[in-house]
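Chemist: A structural model of the following input is requested.
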Amino acid sequence: VGLAPGMAEAHVALALAARARGEVREWREEALRATAMNPRAAEAYALIGDSYSAMVYACGRDVDAERADHYYQKALELKPDLITAVSNRATNLRRLGRHRECIDVVERAMKSLSDETPLRFVRGSCRLELGDLEGAAADLEPLRGNPKLSPVSPLVGIGLLALKRGRTEEGVRDLEAAARLQPSAL
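Modeler: From the prediction side, this is the model:
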């Protein structure tokens, strides 16, 4: 910012750093500065969405999932291939209980994006919550050990799938493994 104070990308970087520290006020302010400098800064709109999202890293502070969805939609209008905005919007919709809409968002994006891995996890989670065990398995099971994802997320999804299928021992094993890797996962 010291080198290029009028550059939107510099403020996006500051917003990302504030997000990493959990400083929601600064995170939003910097993202809003970026949109004021460049109204087409899709990543900045997505970051504002993240700050209101029902996602875990928003830490439950000042959550407004509908407002988050508005910002995600704006980001995706500007840059439809912004995979983090697609994934975070879909996850936000899942947490809102709007599972069908979550699946629709993911499936539309998967038609044009080359890296479907994070999107398969979100879609699989929505399918699981809707009771579509076959669809959930098709999305979640291939993700075990996938280096493009944190190992925790697939373990939780696959563990919950196993429990829904009545495979208690498998489910407990995977959920315990996820808890060992990241105690806050459960």
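
Chemist: quick one: low-confidence parts of the protein?
Modeler: 56-61, 185-186 (pLDDT under 70).

Chemist: please redo it, this time with the cut-off set to 80
Modeler: 54-62, 114-115, 183-186 (pLDDT under 80).

Chemist: can you give me the strands in it?
Modeler: Counting by DSSP state E, the chain has no strands at all.

Chemist: what's the neighbour count on Ala13?
Modeler: A count of nearby residues for Ala13, using other C-beta atoms under 10 Å, gives 15. Backbone N, C-alpha and C define where each C-beta goes, glycine included.

Chemist: for it, give me its contacts.
Modeler: By C-beta atoms under 8 Å, 6 or more residues apart in numbering, Ala13 lies in contact with Val1.

Chemist: tell me the spacing between it and Arg19.
Modeler: Remark: distance between Ala13 and Arg19 (C-beta to C-beta, to the nearest Å) = 11 Å.

Chemist: tell me the contacts of the most centrally placed residue in the chain?
Modeler: Central residue of the chain (C-alpha atoms, centre = their mean): Asn88, 2.9 Å from the mean position. Counting by C-beta under 8 Å, 6+ apart, Asn88 touches 46, 49-50, 53, 55, 72.

Chemist: could you do Gly145 as well?
Modeler: Contacts of Gly145 by C-beta under 8 Å, 6+ apart are 151, 154.

Chemist: could you measure from it over to Pro151?
Modeler: Taking C-beta to C-beta, one finds Gly145 at 7 Å from Pro151.

Chemist: which stretches in the protein count as helices?
Modeler: 8-21, 24-37, 42-52, 65-78, 83-95, 99-110, 117-130, 133-140, 152-164, 168-181 (DSSP state H).

Chemist: now these as TSV including distance to Val1?
Modeler: Conversion of the helices of the chain to TSV gives the following (distance: least, C-beta to C-beta, whole Å):
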stretch	distance to Val1
helix 8-21	5
helix 24-37	9
helix 42-52	14
helix 65-78	22
helix 83-95	22
helix 99-110	32
helix 117-130	30
helix 133-140	40
helix 152-164	33
helix 168-181	36
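
Chemist: what's the most buried one of the ones you listed?
Modeler: Ranked by mean neighbour count, these are led by helix 42-52 with a mean of 26 (mean count of other C-beta atoms under 10 Å).

Chemist: now do it and helix 65-78, the angle between them.
Modeler: Counting by axes from the mean of the first three to the mean of the last three C-alpha atoms, to 10 degrees, helix 42-52 lies at 170 degrees to helix 65-78.

Chemist: output the contacting helices and strands for helix 42-52.
Modeler: Applying 3 or more C-beta pairs under 8 Å, 6 or more residues apart in numbering; DSSP states H and E, we find helix 42-52 packed against helix 8-21, helix 24-37, helix 65-78, helix 83-95.
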